[in-house]
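*Asks:* Fold the following, please.
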Amino acid sequence: MSRRKQESSSSEDSSPDSEEEERRRDIKERDEFAQRLKKKDEGRTRNVVESQGRKAYEEAAKRLKLEADDRDKLLPQLRKQSRRQYLEKRKDDKVAELEADIQDDEYLFDDSAITQREREDREHKKNLLRIAKEHEKARELERIQRYHMPKDIKKGDKEEYVEVDEREKMP
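*Replies:* Sure, this is the predicted structure:
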């Protein structure tokens with residue numbers, strides 16, 4: 001007889017209770033096997049995650065501390081730089097505003113139509129504008145490269161000797 005016939009004949013001979021018992025045992029073995037696999041996977045996964053988690057946490061804390069320290073050191077420097085930029089821009093704006101004010105005043109009012117006080121005010125504004133422009137010229141002269149005593153030359157710095165310009169000689 002073939003095997004199928006044997007199985008079918010044996011299944012016909014078996015009672016429904018034994019089939020049910022075998023099915024329950026099969027399910028129980030399958031569940032136990034699944035639990036063992038799950039435990040094994042959890043054990044491996046937990047160890048890996050915990051060790052990496054601790055390392056990652058320590059590294060992140062270290063990075064945050066360094067970032068906070070750098071920010072504390074860098075912030076005053078950034079404030080100075082921002083303030084200088086603001087003052088430079090404000091100076092340019094005020095000089096342009098003063099020039100425009102003087103031009104408007106001269107265009108709108110004739111010398112004979114203004115009072116002594118207004119004339120003095122106009123002269124004062126012209127004097128301020130002249131001083132501001134002279135100050136800017138002096139700053140430009142100051143920026144010219146000059147010879148300085150040798151220092152530790154940093155990368156990218158130029159230390160060159162430049163002859164004195166004729167404009168510098170004038171008082």
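*Asks:* Would you enumerate the residues in contact with the most centrally placed residue in the chain?
*Replies:* The chain has R71 as the residue nearest its centroid, 10.4 Å off, counting by CA atoms, centre = their mean. Listed by CB atoms under 8 Å, 6 or more residues apart in numbering, R71 has no contact partners. Where you see a C-beta, it was placed from the backbone N, CA and C, and this is true even at glycine.
*Asks:* And the next helix or strand past the host helix or strand of Y57?
*Replies:* Using DSSP states H and E, Y57 sits within helix 16-108. From helix 16-108 onward toward the C-terminus, using DSSP H and E, the following helix or strand is helix 116-143.
*Asks:* ok so, going back, compute the inter-axis angle for the helix holding Y57 and helix 116-143.
*Replies:* Interaxial angle, helix 16-108 versus helix 116-143 (axes from the mean of the first three to the mean of the last three CA atoms, to 10 degrees): 120 degrees.
*Asks:* How far off centre is helix 16-108?
*Replies:* Relative to its parent chain, helix 16-108 has a centroid offset of 13 Å by CA atoms, centre = their mean, to the nearest Å.
*Asks:* count of residues packed around E134?
*Replies:* Using other CB atoms under 10 Å, E134 is surrounded by 10 other residues.
*Asks:* meant to ask about V95, not that
*Replies:* Neighbours of V95 (other CB under 10 Å): 16.
*Asks:* Right, I'll leave it there.
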